[in-house]
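In: missing the sequence, but the structure's below:
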Ligand SMILES: C[S@@+](CC[C@H](N)C(=O)[O-])C[C@H]1O[C@@H](n2cnc3c(N)ncnc32)[C@H](O)[C@@H]1O
């Protein structure tokens, strides 16, 4: 059977959502993914991209509407690719994210988690981001989010995700077009608006979070830390030692009263550790020799290994756990796919104790996940 053509209009019936929040319609062996639809919905969609057995389409019209559908609060939602669940209520969004987590771990990676899974919702669905990045193009005079598919810039002056202070700055950038003064040296680029402890700043064309990573959702980060601290309280080995890999500014271990080595690739000058128990070492953990750079700094096997890598995950986790033999592991991740992948092999020597889905990014398909592991 021929593959579907771009711009072709197709009928669909959504059987389920995939782990990226897209509706999945299967007919005659062909799969069409339609974002912003819900299970049970039917209608017509326009093909935007196609492979032999799989196509992607954008929703045109619904002939059968799910009772879980709502009018999105955001005026940009229909066109914007930043959010994925605003066409349903928050309770349903959480249940769809839980399904995504179960699908990734249990169906795709064969790791049983349902009896260990804790779901932690966000108190607020909007106004949670303390940092936003907007792209600009002076030739067309636009500032906004960039669409992944065609690189077009969509203006988003009323985006609901930034916190109040960031929202006010963004609103001003649009209103008086003051973003153009940040764009004077480069025709195309990006601007980052950042609220750091109540003080907002605007940076142009710096790499994302160039002054060191920080979590974008402060209330959810506090909740994450509270659960990690419960774990610290249970650790009762002697001469406790914690290794915090991809530790950034030491966020995850800043309230821990045990000797902690924080490792990250951020230059020392940007690192601001908050605790006297933490020391910092700059190592590129994706370098194949990173483990041999680290081992001379470690006198004893860590009681707890913390791992919190970027979206791509940490493929060397097994190599590290085989060598360092930590008694416990906490792995925090913004990508459950790479987290589940990295646990393969590790689970031969470690028992999965707890699994968390933390909704750090309401409205979007993204969420934070965390697992607690104990050496068998
Ligand atoms: C998700 S952040 C976590 C930071 C920290 N644990 C926190 O909670 O704020 C990922 C961290 O990985 C660091 N990183 C990225 N690439 C790295 C590399 N090749 N080697 C070491 N660290 C890296 C980043 O600088 C960032 O601090």
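Out: That came through fine. Note that the structure is a prediction, hence the values are computed from the model and not measured. Numbers count the residues shown, from 1 in each chain.
In: what about the residue of the stretch 1-150 of the chain found nearest the ligand, how many residues close to it?
Out: Nearest residue of the stretch 1-150 of the chain to the ligand: residue 131, at 12.1 Å (Cβ to the nearest ligand atom). C-beta coordinates here come from the backbone N, C-alpha and C atoms, glycine included. Neighbourhood size, residue 131 [other Cβ atoms under 10 Å]: 18.
In: Contacts only, for it.
Out: Neighbour list for residue 131: 166, 192-195, 209, 214, 216 [criterion: Cβ atoms under 8 Å, 6 or more residues apart in numbering].
In: Does it have any beta-bridge partners, and if so which?
Out: Residue 131 has these beta-bridge partners by DSSP bridges: residue 194.
In: Next one, pLDDT for it please.
Out: With respect to pLDDT, residue 131 scores 94.
In: List just the nearest of the contacts of residue 131 to the ligand.
Out: Using Cβ to the nearest ligand atom, those come closest to the ligand at residue 214, 5.8 Å.
In: Spell out which parts of the stretch 51-200 of the chain neighbour the ligand.
Out: On the criterion Cβ under 6 Å from any ligand atom, the ligand has no neighbours in the stretch 51-200 of the chain.
In: Quick one: the strands in the stretch 51-200 of the chain, in order.
Out: Taking DSSP state E, counting those that start in this stretch to define them, one finds strands in the stretch 51-200 of the chain at 54-64, 117-120, 131-137, 142-146, 153-154, 188-196, 199-204.
In: could these be laid out in JSON lines, adding distance to residue 317?
Out: Shown next, in JSON lines, are the strands of the stretch 51-200 of the chain (distance: least, Cβ to Cβ, whole Å):
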{"stretch": "strand 54-64", "distance to residue 317": "30"}
{"stretch": "strand 117-120", "distance to residue 317": "21"}
{"stretch": "strand 131-137", "distance to residue 317": "28"}
{"stretch": "strand 142-146", "distance to residue 317": "32"}
{"stretch": "strand 153-154", "distance to residue 317": "37"}
{"stretch": "strand 188-196", "distance to residue 317": "30"}
{"stretch": "strand 199-204", "distance to residue 317": "33"}
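In: Can you check which of those gets nearest to residue 249?
Out: strand 188-196 (11.4 Å; Cβ to Cβ).
In: Any buried residues in that closest one, and which?
Out: Under the neighbour-count criterion of 16 or more other Cβ atoms under 10 Å, strand 188-196 has 189-195 buried.
In: Outside of it itself, list whatever touches it.
Out: 130-139, 143, 162-163, 165-166, 169-170, 173, 179, 182-183, 200-206, 208, 214.
In: by how many degrees do it and strand 142-146 diverge?
Out: Counting by axes from the mean of the first three to the mean of the last three Cα atoms, to 10 degrees, strand 188-196 lies at 80 degrees to strand 142-146.
In: before we move on, back to that, ok, which of the strands of the stretch 51-200 of the chain comes nearest residue 26?
Out: Using Cβ to Cβ, the nearest of the strands of the stretch 51-200 of the chain to residue 26 is strand 54-64, at 10.2 Å.
In: Note down every partner strand of that closest one and its orientation.
Out: In the sheet, strand 54-64 lines up with strand 30-34 (parallel), strand 42-50 (antiparallel) (DSSP bridges).
In: list the buried ones in it?
Out: 55-57, 59, 62.
In: Stretch 268-277 too?
Out: By neighbour count on 16+ other Cβ under 10 Å, the buried set for stretch 268-277 is 271, 273, 277.
In: can that stretch be found next to the ligand?
Out: No: contact of stretch 268-277 with the ligand (Cβ under 6 Å from any ligand atom) is absent, the minimum separation being 9.2 Å.
In: Strands of the stretch 251-376 of the chain, residue ranges please.
Out: 259-264, 278-282, 304-307, 328-333, 350-358, 368-375.
In: Sketch out the low-pLDDT regions of the chain for me.
Out: Low-confidence segments of the chain, defined by pLDDT under 70: 1-2, 148, 237-239.
In: domain assignment for the chain?
Out: Domain assignment of the chain by automatic domain parsing yields the ranges 1-69, 98-123+217-375, 131-204.
In: So what would you say the end-to-end distance of the longest one is?
Out: The distance separating the two terminal residues of domain 98-123+217-375, taken as Cα to Cα, to the nearest Å, comes to 27 Å.
In: Tell me which residues touch the residue most central in space within the chain, please.
Out: Nearest residue to the geometric centre of the chain (Cα atoms, centre = their mean): residue 334, 3.6 Å. Residues near residue 334 by Cβ under 8 Å, 6+ apart: 310-311, 360, 366-369.
In: The longest helix along the chain packs against which elements?
Out: The single longest helix within the chain, with elements called by DSSP state H, is helix 218-234. Other helices and strands packing on helix 218-234, by 3 or more Cβ pairs under 8 Å, 6 or more residues apart in numbering; DSSP states H and E, are strand 117-120, strand 304-307, strand 328-333, strand 350-358, strand 368-375.
In: that older thread, the residue nearest to the centre of the chain and residue 308: what is the separation?
Out: For residue 334, the distance to residue 308 equals 9 Å [Cβ to Cβ, to the nearest Å].
In: Tell me the residues that contact both of the two, please.
Out: If you check residue 334 and residue 308 against Cβ under 8 Å, 6+ apart, no residue is contacted by both.
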